[in-house]
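Visitor: Got a predicted model here, sequence first, then my questions.
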Amino acid sequence: MRRTSVLVLTACLAGLMLAVSGAFAFTGGGADDAASPRTAGGVDPAALATAGDLDATVAALQDRLRAQPLDARSWATLGIAYVEQARLTGDATYYPKAAGALRRSLRVQPDDNALALAGKAALSSARHDFAAALRQARAALRIDAYQVGALSIRVDALTELGRYRHALRALEQADRRRPSLQTFARYSYARELRGADRAAAVLLERALSSASTAADRAYLLTLRADLERKNGQLGASDRSLAEALRGDPDNVAAAASQARLAVARGDLARAERQWQSLVARAPLPEYVLQLAELLQATGDGPAARAQYAVLEATAQLARSNGVNTDVEIAAYEADHGSPSRAVRSARAAWSAAPSIAAADVLAWALHRSGRDEPALRYARIATRLGTENALSWIHRGSIEQSLGLSAAATHLRRGLAADPGLSPWQADRARQLLEAARR
């Protein structure tokens with residue numbers, strides 16, 4: 001699921017972030033774990049996959065498959081590991097490797113291979129093909145109704161497709177079948193999407209109480225830190241992130257949250273150093289955009305332009321490896337490029353997955369191209385759940401101000417209050433509009 005300040009570069013890219021976080025949960029068995037297929041030779045790839053070091057896990061699986069090339073479970077686990085490597089590094093070239101491993105698993109075992117189908121669903125979700133992810137998750141569940149990865153991805157895909165009531169029902173079913181940390185985290189996000197941040201925080205605490213690994217705790221602590229920052233609890237957010245990084249020092253989401261926290265505290269020099277460090281090891285478009293806008297806000301135009309060029313190259317690399325970047329490109333082009341290209345990409349995104357995130361970028365692209373009446377319709381769709389997303393409310397307020405509507409100032413203020421860690425460049429523009437609205 002795309003769970004970031006822009007709900008696009010969320011999911012996730014975040015997001016995605018929920019779809020592939022804890023990817024090795026996919027290796028869990030069904031209703032009766034003893035009945036799940038095991039591998040020959042006394043080695044279970046599922047155990048390897050929870051061993052901690054992902055590179056070592058991949059190497060161990062590759063060694064095993066050289067010796068046992070007909071091990072369908074290991075091929076599926078390797079494919080899922082590649083998806084996780086892509087998430088952690090921002091390197092989209094892992095996706096074709098994942099696709100190849102998953103195809104191999106299904107060639108070896110074309111029937112009753114729920115793990116490989118769940119892996120394909122994870123890959124499709126990571127590539128932002130949520131319709132395919134939903135089909136593949138459902139196919140996995142027809143084989144194994146208790147496949148935890150497929151249960152989770154079905155929820156995520158329905159959410160990203162804008163089918164929020166269906167997503168909640170799927171989440172309730174997942175909770176009945178396989179209650180887990182993953183379901184707690186998704187319940188929390190469901191509440192956050194509906195503007196109930198306090199309820200989301202309570203659910204995160206329940207999830208944390210059941211988290212058993214450092215990686216799981218770091219993931220949940222980072223989500224808690226984001227909520228704390230948005231609610232102005234900057235000290236609490238700092239403590240949550242410190243705990244997350246003690247347990248998982250390489251957690252990129254926690255590092256990104258630290259950079260946003262530095263922005264919230266007004267320490268832009270520190271935020272720049274943190275974004276620079278993060279982009280060097282995980283050049284995800286979201287992170288590159290945050291760095292570029294920060295540089296632009298602090299007056300370093302040449303450095304900002306260099307980062308925008310990196311973002312374009314990164315998006316092109318993602319597309320060449322099968323990732324749908326329509327939402328990301330629309331958001332970037334609307335603010336920093338061609339509004340007409342933004343509209344084309346945003347319409348494609350909305351057609352493929354009519355979520356509140358797609359509605360937001362389409363609204364903003366239309367506004368930037370001078371079409372405020374249709375823009376307002378999509379801005380209202382983007383905010384219809386009451387999600388406390390800073391940019392969505394700022395975009396709506398900006399469009400309303402352009403149309404001379406009295407609600408503009410209220411919605412601009414709501415957007416600015418939603419997250420003190422908002423990109424300084426975006427926040428500065430919103431403040432200028434708010435000041436103009438007061439005159």
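Guide: Received the coordinates, thanks.
Visitor: Please go through this protein and pick out the longest helix.
Guide: Longest helix in the chain by number of residues (criterion: DSSP state H): helix 301-320.
Visitor: Next, the buried residues of it.
Guide: For helix 301-320, the neighbour count (16 or more other Cβ atoms under 10 Å) marks 303, 304, 307, 308, 310, 311, 312, 314, 315, 317, 318, 319 as buried. Every C-beta, even on glycine, is put in place using the N, C-alpha and C of the backbone.
Visitor: In JSON lines, list the residues you listed along with pLDDT and distance to residue 253.
Guide: Shown next, in JSON lines, are these (pLDDT from 0 to 100; distance: Cβ to Cβ, whole Å):
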{"residue": "303", "pLDDT": "98", "distance to residue 253": "24"}
{"residue": "304", "pLDDT": "98", "distance to residue 253": "24"}
{"residue": "307", "pLDDT": "98", "distance to residue 253": "20"}
{"residue": "308", "pLDDT": "98", "distance to residue 253": "23"}
{"residue": "310", "pLDDT": "96", "distance to residue 253": "20"}
{"residue": "311", "pLDDT": "96", "distance to residue 253": "19"}
{"residue": "312", "pLDDT": "96", "distance to residue 253": "24"}
{"residue": "314", "pLDDT": "94", "distance to residue 253": "18"}
{"residue": "315", "pLDDT": "94", "distance to residue 253": "20"}
{"residue": "317", "pLDDT": "95", "distance to residue 253": "21"}
{"residue": "318", "pLDDT": "95", "distance to residue 253": "18"}
{"residue": "319", "pLDDT": "96", "distance to residue 253": "23"}
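Visitor: Tabulate those residues (a markdown table), appending distance to residue 292.
Guide: Below are the buried residues of helix 301-320 laid out as a markdown table (distance: Cβ to Cβ, whole Å):
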| residue | distance to residue 292 |
| --- | --- |
| 303 | 8 |
| 304 | 5 |
| 307 | 4 |
| 308 | 5 |
| 310 | 8 |
| 311 | 6 |
| 312 | 11 |
| 314 | 11 |
| 315 | 13 |
| 317 | 17 |
| 318 | 17 |
| 319 | 19 |
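Visitor: nearest to residue 169, of those?
Guide: Relative to residue 169, the closest of the buried residues of helix 301-320 is residue 318; by Cβ to Cβ it sits at 31.7 Å.
Visitor: helix or strand for the closest residue to the closest one other than its chain neighbours, which one?
Guide: Counting by Cβ to Cβ, 6 or more residues apart in numbering, residue 318 lies nearest to residue 92, which is 4.5 Å off, once chain neighbours are set aside. Under the criterion DSSP states H and E, no helix or strand holds residue 92.
Visitor: hang on, residue 92 packs against residue 317?
Guide: Yes: if you go by Cβ atoms under 8 Å, residue 92 and residue 317 touch, sitting 5.6 Å apart.
Visitor: returning to what we had before: now for the longest helix of the chain, which elements pack on it?
Guide: Applying 3 or more Cβ pairs under 8 Å, 6 or more residues apart in numbering; DSSP states H and E, we find helix 301-320 packed against helix 285-297, helix 326-336.
Visitor: That helix to helix 285-297, inter-axis angle?
Guide: On the basis of axes from the mean of the first three to the mean of the last three Cα atoms, to 10 degrees, helix 301-320 is oriented at 170 degrees to helix 285-297.
Visitor: hmm, who's touching helix 301-320?
Guide: Applying Cβ atoms under 8 Å, 6 or more residues apart in numbering, the external contacts of helix 301-320 come out as 90, 92-93, 279, 283-285, 288-289, 291-293, 295-296, 325, 328-329, 332, 336.
Visitor: Alpha carbons only: can I get that helix in PDB?
Guide: The C-alpha trace of helix 301-320 is given here as PDB (Å, rounded to 0.1, in the frame of the first residue of the first chain):
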ATOM      1  CA  GLY A 301      18.500  25.700  -7.800                       C
ATOM      2  CA  PRO A 302      21.300  23.900  -9.600                       C
ATOM      3  CA  ALA A 303      21.400  21.100  -7.100                       C
ATOM      4  CA  ALA A 304      17.700  20.800  -7.200                       C
ATOM      5  CA  ARG A 305      17.600  20.600 -11.000                       C
ATOM      6  CA  ALA A 306      20.300  17.800 -10.800                       C
ATOM      7  CA  GLN A 307      18.000  15.900  -8.400                       C
ATOM      8  CA  TYR A 308      15.000  16.300 -10.700                       C
ATOM      9  CA  ALA A 309      17.100  14.800 -13.500                       C
ATOM     10  CA  VAL A 310      17.900  11.900 -11.200                       C
ATOM     11  CA  LEU A 311      14.200  11.500 -10.500                       C
ATOM     12  CA  GLU A 312      13.400  11.400 -14.200                       C
ATOM     13  CA  ALA A 313      16.100   8.800 -14.800                       C
ATOM     14  CA  THR A 314      14.900   6.700 -11.800                       C
ATOM     15  CA  ALA A 315      11.400   6.800 -13.100                       C
ATOM     16  CA  GLN A 316      12.500   5.700 -16.600                       C
ATOM     17  CA  LEU A 317      14.500   2.800 -15.000                       C
ATOM     18  CA  ALA A 318      11.400   1.800 -13.100                       C
ATOM     19  CA  ARG A 319       9.200   1.800 -16.200                       C
ATOM     20  CA  SER A 320      11.800  -0.200 -18.100                       C
END
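Visitor: Neighbours of residue 168, how many?
Guide: 18 (other Cβ atoms under 10 Å).
Visitor: How about residue 112?
Guide: Around residue 112 there are 11 residues (other Cβ under 10 Å).
Visitor: Regarding it, what is its secondary structure?
Guide: Three-state call for residue 112 (DSSP: H, G, I helix; E, B strand; the rest coil): coil.
Visitor: my guess is it meets residue 143, correct?
Guide: Yes: with contact defined as Cβ under 8 Å, residue 112 reaches residue 143; the gap is 5.5 Å.
Visitor: and the chain, what are its domains?
Guide: 1-178, 326-438 (automatic domain parsing).
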